[in-house]
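Q: Sequence isn't available, so here's the structure alone:
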């Protein structure tokens, strides 16, 4: 009986919850007494086209938005940052970096409007006491109230706190 490897930052320093997936375990290593199966090593030609078709179908999921759900959606963006909160969860992106949180992975979502300036801050907190802030620059300060109302509507519809 072999124990399954534990995934996470303790075993993979590049693992960041919500941004990267844990590293996949190495392929099963051959035991010294195990005989080699020549049929298992030969590539199956019929499986190759099938994998290509699946990859092509999978690519369209990212390029085309999914069918919209009947519910509130919060979206705010500026020239560098973007946040989207909908029925799937919360997605943050800054320049080329992006992360996605499903509602089950979120402990709290906090918004902050500055007293001066136009940078609206949203912070996603996870149960393991990590937080992911993002700042969106508004065209005017009047957008803060509108964004707060939209974000509250999304949180009321999809987020279930532990109460």
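A: Structure's in. What do you need? Source: prediction; values computed, not measured. Numbers count the residues shown, from 1 in each chain.
Q: Tell me the spacing between residue 82 and residue 95.
A: Distance, residue 82 to residue 95, by C-beta to C-beta, to the nearest Å: 10 Å. C-beta: built from backbone N, CA, C; applies to glycine.
Q: Counting neighbours, go ahead and name the busier of these two.
A: Taking other C-beta atoms under 10 Å, residue 82 and residue 95 do not tie; residue 82 has more neighbours (17 against 9).
Q: For the protein, which segments count as strands?
A: Ranges of strands in the chain, per DSSP state E, are 74-77, 81-85, 89-94, 97-102, 108-112, 119-125, 131-137.
Q: Can you say which of these is nearest to residue 151?
A: Of all the strands of the chain, it is strand 74-77 that lies closest to residue 151, at 4.8 Å by C-beta to C-beta.
Q: Point out the other helices and strands that that closest one packs with.
A: Packing partners of strand 74-77 (3 or more C-beta pairs under 8 Å, 6 or more residues apart in numbering; DSSP states H and E): strand 81-85, helix 143-158.
Q: The shortest one pairs with which strands, parallel or anti?
A: Paired with strand 81-85 in the same sheet, following DSSP bridges, are strand 74-77 (antiparallel), strand 89-94 (antiparallel).
Q: Identify whichever of these lies nearest to residue 120.
A: Of the strands paired with strand 81-85, nearest to residue 120 by C-beta to C-beta is strand 74-77, at 7.0 Å.
Q: All set, thanks.
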